[in-house]
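Participant: Quick one, fold the following:
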Amino acid sequence: MKLNEFFIEHPKVAVAFSSGVDSSYLLYTAKQYGAEVRAYYVKSAFQPQFELNDALRLVDELSIPIRVLTIDVLSLEKIANNPADRCYYCKRIIFETIVKAAAEDGFSVLLDGTNASDDAGDRPGMQAIRELSVLSPLRECGLTKARIRQLSKEAGLFTWDKPAYACLATRIPTGETITAEKLRATEAVEDFLFSLGLKDFRVRRLGESAKIQVHAEQIGKIIENREIILAELKKYYSAVLLDMEVRK
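Facilitator: Just a heads-up that it's a prediction; the model follows:
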């Protein structure tokens, strides 16, 4: 199946929109192929503000309506306690929230941006998507992440080269309780490192320490800015570590 054929079969769709590469391209194609489409963005303590900013920018550029929904993920023990299957429970509540809101707006078909490169066996959240009958047209149509980036660039979408960004909760070790304070610290220090020009990095929590993970070519920038990085990160952490194994 091709995407144009998918939208002929599904002319009215809601899209679970994260502002990432995949769901951004999905929104674009839905509009291009004439579907009636609405975006649904879920804001929680796990999403940094820049993701919502990107979401609002893209729907404005595409002239697509959006509904921003807010959920309190930390009020749910199965999420805040950070078990190994936290992602399942989080995805479940996110998509249940979107399904309900979309139904209120008259949309019975919900899409997500899962692509053909995503490994279902390594994505516990995908179980929740299947349980709620969410459709994944990019995956169904065999579009890989690399192809989606290429097509997004050709379409002029600013998201085409946006790095993958896992939610803030992934910076906290499994089994360690997630708190709003820990999430705010992560967002603050990652925003600071973004401001220095770093890309596609992580600041992981190890006890009261921060472990910075960057690609090999960015280690020099970390060293160059060592003193200001230490000063900023030590507002939130007792020690700052640099992972010499680097991100792949």
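Participant: ok, and the closest non-adjacent residue to Glu187?
Facilitator: Pro48 (4.8 Å; C-beta to C-beta, 6 or more residues apart in numbering). For every residue, glycine as well, the C-beta is placed using N, CA and C.
Participant: part of a strand, is Arg204?
Facilitator: Yes: judged by DSSP: H, G, I helix; E, B strand; the rest coil, Arg204 forms part of a strand.
Participant: Use 48 as the first number from now on
Facilitator: Yes, from this point I'll number from 48; that puts the last item at Arg251.
Participant: what's the distance between it and Glu223?
Facilitator: 11 Å (C-beta to C-beta, to the nearest Å).
Participant: Tell me how many other residues surround the residue nearest to Glu234.
Facilitator: Number of residues near Pro95 (other C-beta atoms under 10 Å) recorded here: 19.
Participant: Repeat that for Pro112.
Facilitator: Pro112 has 11 nearby residues by other C-beta under 10 Å.
Participant: what do you get for the one 4 residues further on?
Facilitator: Applying other C-beta under 10 Å, we find 15 other residues in the vicinity of Leu116.
Participant: just Lys78 next, same as before
Facilitator: 16.
Participant: who does the host helix or strand of it touch, helix- and strand-wise?
Facilitator: Applying DSSP states H and E as the criterion places Lys78 in helix 68-79. With contacts taken as 3 or more C-beta pairs under 8 Å, 6 or more residues apart in numbering; DSSP states H and E, helix 68-79 sits against helix 50-56, strand 59-63, strand 83-90, helix 96-109, helix 184-187, helix 192-202.
Participant: Identify the residues contacting the residue nearest to Glu234.
Facilitator: When contacts are counted by C-beta atoms under 8 Å, 6 or more residues apart in numbering, Pro95 touches Tyr212, Leu215, Glu234, Glu237, Asp238.
Participant: Wait, the third one touches Ala216, no?
Facilitator: I take that to be Glu234. No: taking contacts as C-beta atoms under 8 Å, Glu234 lies outside contact range of Ala216: 11.3 Å.
Participant: which of the two has more neighbours?
Facilitator: Ala216 (23 against 19).
Participant: Is Ala257 part of a helix or strand, or is it coil?
Facilitator: Three-state assignment for Ala257 (three-state DSSP): strand.
Participant: And it, how far from Asp152?
Facilitator: Ala257 is 41 Å from Asp152, by C-beta to C-beta.
Participant: Asp69 too?
Facilitator: 22 Å.
Participant: Which of the two has more residues huddled nearby?
Facilitator: Set Asp69 next to Asp152 and count neighbours by other C-beta under 10 Å: Asp69 wins out with 24 against 12.
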